[in-house]
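Got a predicted structure plus its sequence, pasted below:
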Amino acid sequence: MKPLTKAIFPVAGLGTRFLPATKAQPKEMLTVIDKPLIQFAVEEAIAAGVTQLIFVTGRTKRAIADHFDATPELDRLLREKGRETVAEELRTIIPPHVTCIYIRQPEALGLGHAVHCAAPLIGDDEPFAVLLADDLMRGDPPVLAQMAEVQRATGRSVLAVNPVPLEDIGSYGVVAAQDPGEGGSAPVTDMVEKPPKGEAPSNLAVVGRYILRPEVMGVLATLPPGRGGEIQLTDAIRQLIPGTGVEAFRYRGRRYDCGSKMGFLEATVDMGLEHPDYGPQLRAHLRSSLGA
Ligand code: UTP
């Protein structure tokens, strides 16, 4: 297997949990303070050694491609105004050694279908990452880089997992695996998408980071729709378990579910409080709002 250099960003979903904000705007362009969710995910991928960013887009998603294009007029304007730092920040969002590729998913038929749209770009000796940008991951080292270590060491597909309360488990893909403890990984023996309460094989939920072996593309090519009538990535990964194997990795870090309004609020508050410019003011504001 070649080293990890490719990442797929499926961004063609409808984002119904965040309406009306996502009616005409991709949810991946929602910003935490001043950075869109998709840029956090792109930075995480680049930090893990990825050099090809493959965006699977759909209708209303043009803003994502625009965001990663160069903007020479804006660059010139900012430099004329002496705002070199901001200009430099914009110029280096995509470093010169990294390329962006855009593919359309003509219809939102499910995450598995979206990933398979990128199949022509993945060689049969290339592992690839899948990042769901609405899961904002914070870790040091970044979560995908932690996963790349596990992928290199085991040669298996690697899924980021996190324990979640059993009352929430029905919203996730869930693995059957021994809990490896934070920072550890364990072989997956089975997995199921959004199990009904009481049927979950564990409390370990798969979150939006995957490093997959290329064989999964062959599985996706003929996979019938699963839960919810969608082509499910979970169903395809499940078929890799008896063959090349799948590892559940309990990342070190924190996940914010920014596809939900509450998760997005939590991310905004936590990252706002840590912000070097706005943190102290926000803290004072929150204290006063809470009457504390
Ligand atoms: P979600 O399950 O979060 O669905 O998709 P969604 O439509 O984006 O959002 P909600 O639940 O209606 O609010 C998980 C990821 O898979 C992508 C989404 O863009 C998201 O990153 N996806 C999903 C696709 O690209 N295509 C699909 O057909 C389905």
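Cool, the structure landed.

and residue 186, that one's in a helix?
No. Applying DSSP: H, G, I helix; E, B strand; the rest coil, one finds residue 186 to be strand, outside a helix.

Give the closest residue to it in space, chain neighbours not counted.
Nearest non-adjacent residue to residue 186, counting by Cβ to Cβ, 6 or more residues apart in numbering: residue 180, 4.0 Å away. Just so you know, the C-beta spots here come from the backbone N, C-alpha and C atoms, and that holds for glycine as well.

My understanding was that the one you found contacts residue 251; is that so?
No. Look at residue 180 against residue 251 with Cβ atoms under 8 Å: they stay out of range, at 10.8 Å.

These two: who's more crowded?
More crowded of residue 180 and residue 251, by other Cβ atoms under 10 Å: residue 251, with 24 against 16.

show me what contacts the closest residue in space to residue 46 that isn't next to it in sequence?
What sits nearest to residue 46 in space, not counting adjacent residues and going by Cβ to Cβ, 6+ apart, is residue 98, at 5.9 Å. Taking Cβ atoms under 8 Å, 6 or more residues apart in numbering, we find residue 98 in contact with 46, 50-53.

mean confidence score for the helix or strand in which residue 45 is found?
Following DSSP states H and E, one finds residue 45 within helix 37-47. On average, the pLDDT along helix 37-47 is 98.

from memory residue 126 sits against residue 8, does it?
No. Residue 126 lies out of contact with residue 8 (Cβ under 8 Å); the separation is 11.5 Å.

Quick check: residue 162 is in a helix.
No. Per three-state DSSP, residue 162 lies outside any helix segment and is strand.

Skip the chain neighbours and tell me the closest residue to it.
residue 207 (5.5 Å).

Now do the SS call for that neighbour.
Following three-state DSSP, we place residue 207 in the strand state.

What residues does the residue in the chain that the ligand sits nearest to make contact with?
Nearest residue of the chain to the ligand, counting by Cβ to the nearest ligand atom: residue 13, 2.2 Å away. Taking Cβ under 8 Å, 6+ apart, we find residue 13 in contact with 27, 58, 108, 111, 114.

so which of those residues are also by the ligand?
Counting by Cβ under 6 Å from any ligand atom, 108, 111, 114 from the contacts of residue 13 sit close to the ligand.

Narrow the residues you listed to those that are buried.
111, 114 (16 or more other Cβ atoms under 10 Å).

Would you mind listing what in the stretch 151-292 of the chain touches the ligand?
So far as Cβ under 6 Å from any ligand atom goes, the stretch 151-292 of the chain lies against the ligand at residue 259.

can I assume residue 259 sits in a strand?
No. Residue 259: not assigned to a strand; according to three-state DSSP it is coil.
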